[in-house]
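Q: all I have is the shape, not the residue letters:
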């Protein structure tokens, strides 16, 4: 195996992969035969995100299935999960809005000991992927635009509403790494002119869906955070900002009084 490992590392390094050794280990541990190895290396060299090459990503201690064309969960978003768990440890109903792969919902369900879990996304590929990831937690995944996708029976009952909305300003999408802008859906990246279009929509409607004391959590950027908190306040939520310097993560938390 060492000669194979060395050759894979050499190919990945020549393609510009900064963490070639780590990626080679993951590819070799995932591939089931030499043909798989060759195919996975070729796809990675062609620029496909490593997680799409492997078919999975680690997130909050879980192995999350990730398919081509589906947003890859970022490690910084683990901070949102931690904040939600700390804020509402006794939550019985959790919703993962703009769920993508369903990573946030799955992580919350695992951390909270099996609450009722719902997830929703407007993208059909994401919905298919999320169904795989929330199935072990008996989660339900709905396809549609934000709250319109959710059953009316959830209204006024949600304890944790996690919404990893797109927040890249439209003019800055082209500045993203090629792995994101070429292989992840635009709907999961583009947040409108200032990056806060979807966040504002969610913040405005959330109070009607949250249970008393329920919380909305949305990831944003450091630059956008003050305006995001304002949007929560205008929507009728008590908003605050939580920051992780280690993960470069900013999460706005809004609570329904």
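A: Arrived safely. Everything quoted here is computed from the prediction, not taken from an experiment. Numbering: from 1, shown residues only.

Q: so which bits of whichever strand or helix holds residue 228 are buried?
A: For residue 228, the host element (DSSP states H and E) is helix 225-234. By 16 or more other CB atoms under 10 Å, the buried positions in helix 225-234 come out as 225, 228, 229, 231, 232. Glycine gets a C-beta too; all of them are placed from N, C-alpha and C.

Q: quick one: the helices in the stretch 101-250 of the chain, in order.
A: 103-112, 124-134, 178-183, 197-209, 225-234 (DSSP state H, counting those that start in this stretch).

Q: weakest of the ones you listed by average pLDDT?
A: Note on the helices of the stretch 101-250 of the chain: lowest mean pLDDT is at helix 178-183, with a mean of 90.

Q: what lies in contact with the helix holding residue 228?
A: 194, 196, 199-200, 203-204, 216, 218, 220, 238-241, 250, 252, 254 (CB atoms under 8 Å, 6 or more residues apart in numbering).

Q: for residue 25, give me its contacts.
A: residue 5.

Q: tell me the secondary structure at it.
A: helix (DSSP: H, G, I helix; E, B strand; the rest coil).

Q: hang on, residue 236 packs against residue 207?
A: Yes. Using CB atoms under 8 Å, residue 236 is in contact with residue 207, at 4.6 Å.

Q: what sits against residue 98?
A: Taking CB under 8 Å, 6+ apart as the contact definition, residue 98 lies against 120, 121, 122, 146, 163, 164, 165, 166, 188, 198.

Q: what about the second one, neighbour count?
A: Think residue 121. Residues near residue 121, counting by other CB atoms under 10 Å, number 30.

Q: do the same with the third one
A: By other CB under 10 Å, the residues close to residue 122 number 17.

Q: again with the fifth one
A: Under the neighbour criterion other CB under 10 Å, residue 163 is assigned a count of 25.

Q: partner residues bridging it?
A: On the basis of DSSP bridges, residue 163 is bridged to residue 97.

Q: thinking it is in contact with residue 217, fair?
A: Yes. Residue 163 is within contact range of residue 217, at 7.2 Å (criterion: CB under 8 Å).

Q: which residues touch the residue nearest to residue 192 when sequence neighbours are not counted?
A: Of all residues not flanking residue 192 in the chain, residue 170 sits nearest, at 6.1 Å (CB to CB, 6 or more residues apart in numbering). By CB under 8 Å, 6+ apart, the contact list for residue 170 reads 190, 191, 192, 193.

Q: could you flag which of those residues are buried?
A: 190, 191, 192.

Q: among these, which one lies nearest to residue 153?
A: Residue 153 lies nearest to residue 191 out of these, by CB to CB, at 29.3 Å.

Q: related to what we said a few turns ago, could the contacts of residue 170 go into TSV alongside distance to residue 140 and pLDDT?
A: Listed next are the contacts of residue 170 as TSV, based on distance: CB to CB, whole Å; pLDDT from 0 to 100:
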residue	distance to residue 140	pLDDT
190	27	95
191	26	96
192	28	96
193	33	96
